[in-house]
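**Q** What shape does this take:
(2 chains, ligands or ions: 4)
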Amino acid sequence: MAVKLSYREYFKEEALPLMWCAGCGNGILLRAITDALADLEIPPHQVVVSTGIGCWGKADDYMKTHGFHGSHGRALAFGTGIKLGNPDLHVIALMGDGDALAIGGNHFIHAARRNIDITAIISNNFTYGMTGGQYSPTTPLSYKTTTSPIGVAEPAFDVCSLSEECGANYVARSTVYHVTQLKRFIAAAIQKKGFNVVEAINTCPTHFGRRNIPGDTVEMMNYVKEISISKSRYEKLDEEEKAKHLVTGELVNRDRPDFLSVYREINPAASETGRGEGK
Amino acid sequence: MTKTENKDVVIHIDETLCKRCGFCIEFCNTKVYEADQDGLPLIKNLDQCTNCRLCELRCPDFAIKVEVVNNE
Ligand SMILES: Cc1ncc(C[n+]2csc(CCOP(=O)(O)OP(=O)(O)O)c2C)c(N)n1
Ligand code: SF4
Ligand code: SF4
Ligand code: SF4
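**A** Residues are numbered from 1 along each chain as shown, chains lettered A, B, ... in the order given. Ligands and ions are numbered 1, 2, ... in the order given. Here you go, the predicted structure:
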C-alpha cells in the first residue's frame, strides 16, 4: 500500500511555536490546508502560497511550499502574476477578511470576474486582528470593535454571495470548528480550475471575542460553532434568526472557463506556458 | 511532554507548545481530558478515547498528537 503523505511535508515544524494568540484559529486553518495538500499529494515545490499582511497573512512563515509574502490587500495581484508566469503552479492566496475585502476588495472582485485559476482561502475573524481589532467589511452589524465602540453601523459583506456574484467557480464556507469539512472544501477548491474561494469562519478571542463574546477562548469557539449552520437548517429560520447565522457548505460549484483557457482561445499564439510566442 | 497509553491509542501533549486555550478539553465528545490548575489538558479517561483525532486537528498550536499503536 502506498504511504500516505503527511501534513508535515508542507508544515514547517521547526518554526513552532506559532506566533498567534491562545485560541486563535489560524493554526487550525493551517493544519487543514497542509492536510488537504497531503491528501492531494501535490509536491510542495509545485505550490506557491501568496499572502497579504495580517495575522493570517503570516501563515506562509510556517509552510514548506514556496511563499510570496506580499503587501496588504495584494495577495491576489501577486498571485495572478505568479499563475500567469507559470501556469503549472498551484497558487493559493491566504487573506484575512480585511486583507481580502477592505484594502484588497477590488483585486478580489476582479480576480473572481476573471476567474483566474487561484484558490483563495479567507480567514474571516470579523476584524483586523493584527492592528488591534478595528472593524472590517465582515464585522456583523452592531458588533463592537476598537473603531466602533458602540457598535458598527454598517451591514457586513457576505463573502460567499459576493464571490458567487463576481464569478467564482467554487465557493464554500466552513469554520475552524468543523475541521474535517474545512479540509474537504479546501481540497476541492485546490483541485478545481478557476477562481475558488473557501471562507473559513475563524476565532479572534483577543479582539473580536473580548469585545463581543463574554467568556474565554472556548466561548469564542462556541460562537463560531453556533452561528454556522447548514443550508437546510438556515432555510427554516425566520428573518431575524437568519441575520445571526452563516450558511456552511459548498455553495457554488460550476465550470465557467478560467482566464487562461479563454485567453489561449482568443490568442492561439499563446504557448502552453501561457507566454505568447509572437508567431 | 505527557504521554499516556491505552491498548490502541497514545496521546502526546507538548506542554511547551500548548497555550491553554481549552479547546481539546471542551470539545472532546467523550471527555478524555481534564484541565490542571494552569489549564493544561491532562489525559484522564484515555479508555474512552475513540481515536477521532479531532482534538489534534482542532489544537491551534500543534501540541497534540494522537497515535494509533499497532499491537499486531
Ligand atoms: C497598505 C497598508 N495599509 C495598512 C496596513 C496595516 N494593516 C496591517 S494588517 C491590517 C489588517 C489585518 O486584518 P485582516 O486582513 O482581517 O487579518 P487578520 O490580522 O485579522 O488575520 C492592516 C490594516 C498595512 N500593513 N499596509
Ligand atoms: S489578534 Fe486575533 S487574529 Fe491575531 S493572532 Fe491574536 S487571536 Fe489571532
Ligand atoms: S487545544 Fe492544544 S493549545 Fe489548546 S489546550 Fe489543548 S493542547 Fe493546549
Ligand atoms: S481523539 Fe477524539 S476521543 Fe480521543 S481525546 Fe481526541 S477528541 Fe477525544
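
**Q** for the longest helix along chain A, what is the average pLDDT?
**A** Scanning chain A for the helix with the most residues, using DSSP state H, yields helix A:26-40. Average pLDDT, helix A:26-40: 98.

**Q** ok, that helix near ligand 4 or not?
**A** No: using C-beta under 6 Å from any ligand atom, helix A:26-40 never reaches ligand 4; the gap is at least 13.4 Å. No exception for glycine: its C-beta is placed from N, CA and C like everyone else's.

**Q** Give me the helices and strands touching that helix, please.
**A** In terms of contacts (3 or more C-beta pairs under 8 Å, 6 or more residues apart in numbering or on different chains; DSSP states H and E), helix A:26-40 is packed against strand A:119-124, helix A:179-191, helix B:54-58.

**Q** can you give me phi and psi for the residue in chain B that ligand 1 sits nearest to?
**A** Chain B approaches ligand 1 most closely through residue B:60 (13.2 Å), counting by C-beta to the nearest ligand atom. Main-chain torsions, residue B:60, degrees, to the nearest 10: phi -70, psi -10.

**Q** tally of neighbours for the residue in chain A positioned nearest to ligand 1?
**A** Among all residues of chain A, residue A:96 sits closest to ligand 1, at 2.2 Å; criterion: C-beta to the nearest ligand atom. A total of 33 residues lie near residue A:96 under the criterion other C-beta atoms under 10 Å in any protein chain shown.

**Q** nearest residue to it other than its sequence neighbours?
**A** Leaving aside its sequence neighbours, residue A:96 sits nearest to residue A:54 (C-beta to C-beta, 6 or more residues apart in numbering or on different chains; 3.9 Å).

**Q** now swap in residue A:173 and tell me
**A** residue A:199 (4.5 Å).

**Q** So residue A:21 is in contact with residue A:206, correct?
**A** Yes: using C-beta atoms under 8 Å, residue A:21 is in contact with residue A:206, at 4.6 Å.

**Q** quick one: the strands in chain A?
**A** A:47-51, A:66-69, A:90-96, A:119-124, A:127-128, A:134-135, A:170-175, A:196-201, A:228-230, A:246-253 (DSSP state E).

**Q** Next, format those strands as CSV and append mean pLDDT.
**A** Converted to CSV, the strands of chain A look like this (pLDDT from 0 to 100):
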stretch, mean pLDDT
strand A:47-51, 98
strand A:66-69, 98
strand A:90-96, 98
strand A:119-124, 98
strand A:127-128, 98
strand A:134-135, 98
strand A:170-175, 98
strand A:196-201, 99
strand A:228-230, 97
strand A:246-253, 98
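
**Q** As a markdown table, those strands with distance to ligand 3 would be great.
**A** Formatted as a markdown table, the strands of chain A follow (distance: least, C-beta to the nearest ligand atom, whole Å):
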| stretch | distance to ligand 3 |
| --- | --- |
| strand A:47-51 | 23 |
| strand A:66-69 | 25 |
| strand A:90-96 | 21 |
| strand A:119-124 | 18 |
| strand A:127-128 | 21 |
| strand A:134-135 | 27 |
| strand A:170-175 | 16 |
| strand A:196-201 | 17 |
| strand A:228-230 | 19 |
| strand A:246-253 | 22 |
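
**Q** If anything else comes up later, I'll come back, but that's it for now.
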